[in-house]
Every structure is written in C-alpha cells, then in structure tokens.
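S.K.: what shape does this take:
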Amino acid sequence: MFDQNGEPVYKIKECIDTFTYSYKDDYGNVITRNIIEKRTVTYNFSLAKKKLKEINRMIEKAKAHRACQAKKEEYGESSKYMQFLDDQGKNIKPQLNQKAIDKDKELAGYHMLVTSEINMSSKDIYNAYHQLW
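M.R.: Prediction:
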C-alpha cells in the first residue's frame, strides 16, 4: 500500500491453512485440534522506524544501568535486553543480550494478525485491526 506521494506505507502477505493446536484440559488430557485460520502479516515502514528508535532507547538505558551497577529490578522494560544468568542458570555480571536485541530489530515493523475470518480480504483485516494496536 502506498501513500498519495507514492511512498510505501505497508506491505501485506497472507496465508490460509489448517493449524494444529494442543492444550491440556482440566483433567490433564492433551487435546489436539485442527483449526482453519487466515494469517495476515504486515510490515509497516513508519512502525519499523518507531520500534527501532524505541529498541535503541532501551539499549542505552540498559547500558546506563549496567554502568552504575544497578540491581535487576531497576532495569524495568530494558531488562529484556540484558542477561543476568549464564547457560547453567547461575548469576553473572549483567551483560547485553545481543540475541534478544538482534531478534527485536529484525522483527521491527512486522505484525501478524490471526483470524477465523478467512473470507475477509487482507486489506480489510489490516484496516479493521490497525486502529486496535
């Protein structure tokens, strides 16, 4: 989709398929169900810019907390970009979690909507749910 100046606003990809879900009922039995769903993935260029700016802000906040040796509780939302335990679950000196940073940067701007409205167009799905984010 493009704006009046021909600049891209968002891109849409979709698929309709049967997806399998499993859950435990009240008695601990595993129940498996196949459900037909429409999955609509959008990429929004302005949202990507906004999200990258937010990620970079949280990284800088995490670095500042690390520099002043703050406690884990003081990191707030920026703690998602920090690692406080090693692979064996033991406490370590807080360090940046580069995997989490890279993953969030890679997914910035993407959004997936899952719906049972398989006859609805992707554009209509996007427009209906866009205001809810």
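
S.K.: which ones are touching Val30?
M.R.: 22-24 (C-beta atoms under 8 Å, 6 or more residues apart in numbering). Backbone N, C-alpha and C define where each C-beta goes, glycine included.

S.K.: run through the bridge partners of Lys13.
M.R.: Val41 (DSSP bridges).

S.K.: so for it, what's the pLDDT?
M.R.: Lys13 is assigned 92 on the pLDDT scale.

S.K.: burial of it, as a residue count?
M.R.: Lys13 has 12 neighbours, counted by other C-beta atoms under 10 Å.

S.K.: wait, doesn't it sit right on Lys38?
M.R.: No. Taking contacts as C-beta atoms under 8 Å, Lys13 lies outside contact range of Lys38: 11.5 Å.

S.K.: part of a helix, is Ile118?
M.R.: No. Counting by DSSP: H, G, I helix; E, B strand; the rest coil, Ile118 is not found in a helix; it is coil.

S.K.: from Ile16, how far off is it?
M.R.: 5 Å (C-beta to C-beta, to the nearest Å).

S.K.: any residues in contact with both of those two?
M.R.: 36-38.
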